[in-house]
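[1] Quick one, fold the following:
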Amino acid sequence: MSLTPTARHILPVIVFSQFCCTSLWFAGNAVMSDLLRNFNLDASALGHLTSAVQFGFILGTLIFAVFNIADRFSPSRIFFICAILGALLNLGILSSNNSISSLLLVRFLTGFSLAGIYPVGMKIAADYYQKGLGTSLGYLVGALVLGTAFPHFLKMFASAEALPWKLVIITTSSLAITGGVLMLSLVPDGPCRSPALNNNFTAIPSAFRNPGFKAAAFGYFGHMWELYAFWAFVPFILKSYSFLHPSADFDIPLLSFVIIGCGSIACVAGGYISAKKGSKITAASALFISGCCCLLSPLLISQASTTALIIFLIIWGLSVVGDSPLFSTLVAQNAPAENRGTALTIVNCIGFGISIISIQLLNFCAARISAEYLFLILAAGPAIGLLRLYRRSKV
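    Modelled structure (predicted):
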């Protein structure tokens, strides 16, 4: 459907709100060193606090999916409520009485609140833009990428004199509240919304009986095996390269932000390309390129040119997430309208569960495999995703 004069503001508001609210995702990671220092935490707390958000998101999306929450109730209201809750929980990091247990709980519940933000934001976009959905979700996932990277951007300026670490938390919470209020006040329920009147516990198995939906979902799962593991290990790649090549001199936090953040460009560009080439072939192309990057990683980490490495990692950063909105588009298009929110949410839930497995596998293997060969493990995701995507023709 094309934009009508009264709906021209809808997509920018959804995108900006998504950016504001997803800044909560890595707010804790951006100030992790400060948390470790201020609350006398062990170094192992870093991994636990990072995983807590992901586990919270997984449980949240599972509950939202099982009870069809995004389809039974106004998605804009759900987005608003979760944004406010997420912002308040994020501020809980600032309590001087925090311990590792309280911080884990706060980050877990923040992840839970994000279940009503990221997939629900996609549901809202799908309720407005059936035609050109790939382009719309391209902007939306691009906002997610920038939102998750934004706390790291803030942290680059953080110092005792310029930007105290607590201000990073306050800023991200303020953004989340702003995004929630904008969504509630400016984005009513979309014209393509078909609300589910009753809870339908068969919605999830019914969706997976659709061959097109199943193919799109498994393509997304293969993509998620690689995505968050790559994002999590970008600093590790740069540090490992510096160790292998002592002459290398670069700003790891800045480069990490650039490599991850540039993916937002690919999300938007992929949306426009898909409008001409189709979501399936565009998503498959990005997945193929990122899979090739996994296979080429030993050569690029071993060679001595820092310029070649940075260009390679930027290409990888572009391709690794450029297919994300397109797989979500395929999932939404192959799901029944009355269960679209549930379908998007359960696919997110499973995808993020897969991402934890791949991250932990890399973490386990990092002490046992040379850094040059570590990321070959990630190639399995794109390979399986492509095979399942093309196993069915009607996607």
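
[2] Pull the distance from the biggest helix by length in the chain to the chain's centre.
    What stands out as the longest helix in the chain, according to DSSP state H, is helix 211-244. Relative to the chain's own centre, helix 211-244 is displaced by 11 Å; criterion: CA atoms, centre = their mean, to the nearest Å.

[3] Return the distance of the next helix or strand after it from the chain's centre.
    Proceeding N to C from helix 211-244, the next assigned helix or strand is helix 252-261, under DSSP states H and E. Computed by CA atoms, centre = their mean, the chain-centroid distance of helix 252-261 equals 16 Å.

[4] Buried residues, helix 252-261. List them.
    255-261 (16 or more other CB atoms under 10 Å). C-betas here are computed from N, CA, C, even on glycine.

[5] where in the stretch 151-300 of the chain is pLDDT low?
    For the stretch 151-300 of the chain, applying pLDDT under 70 flags the ranges 158-163, 194-203.

[6] List the contacts of the nearest residue to V234 once chain neighbours are set aside.
    For V234, ignoring the flanking residues on the chain, the nearest one in space by CB to CB, 6 or more residues apart in numbering is S256 at 4.9 Å. S256 makes contact with 152, 234-235, 238, according to CB atoms under 8 Å, 6 or more residues apart in numbering.

[7] can I get the residues you listed in TSV with distance to F80 and neighbour count?
    Shown next, in TSV, are the contacts of S256 (distance: CB to CB, whole Å; neighbours: other CB atoms under 10 Å):
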residue	distance to F80	neighbour count
H152	26	21
V234	33	19
P235	34	16
L238	38	23
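
[8] Wait, A337 touches G190, no?
    No - counting by CB atoms under 8 Å, A337 sits too far from G190 to count as a contact (10.8 Å).

[9] ok, those two, which is more surrounded?
    Taking neighbours as other CB atoms under 10 Å, A337 and G190 compare with G190 leading, 20 against 16.

[10] For burial, what's the neighbour tally of the nearest residue to that one once chain neighbours are set aside?
    Among residues not flanking G190 along the chain, D127 sits closest, at 2.9 Å (CB to CB, 6+ apart). Neighbour count for D127, taken as other CB under 10 Å: 25.

[11] In contact with D127, which residues?
    With CB under 8 Å, 6+ apart, D127 has these contacts: 75, 189-193, 340.

[12] So which of these belong to helices?
    Reading helices off the contacts of D127 with DSSP H, I get 75, 340.

[13] Just the buried ones from the contacts of D127?
    If we count by 16+ other CB under 10 Å, the contacts of D127 have these buried: 75, 190, 193, 340.

[14] show me what contacts the last one?
    Contact analysis of R340 by CB under 8 Å, 6+ apart lists 71, 123, 126-127, 194, 332.

[15] Could you dump the residues you listed into CSV with distance to G138 and secondary structure added?
    Listed next are the contacts of R340 as CSV, based on distance: CB to CB, whole Å; DSSP: H, G, I helix; E, B strand; the rest coil:
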residue, distance to G138, secondary structure
D71, 23, helix
K123, 16, helix
A126, 13, helix
D127, 17, helix
S194, 24, coil
A332, 13, helix
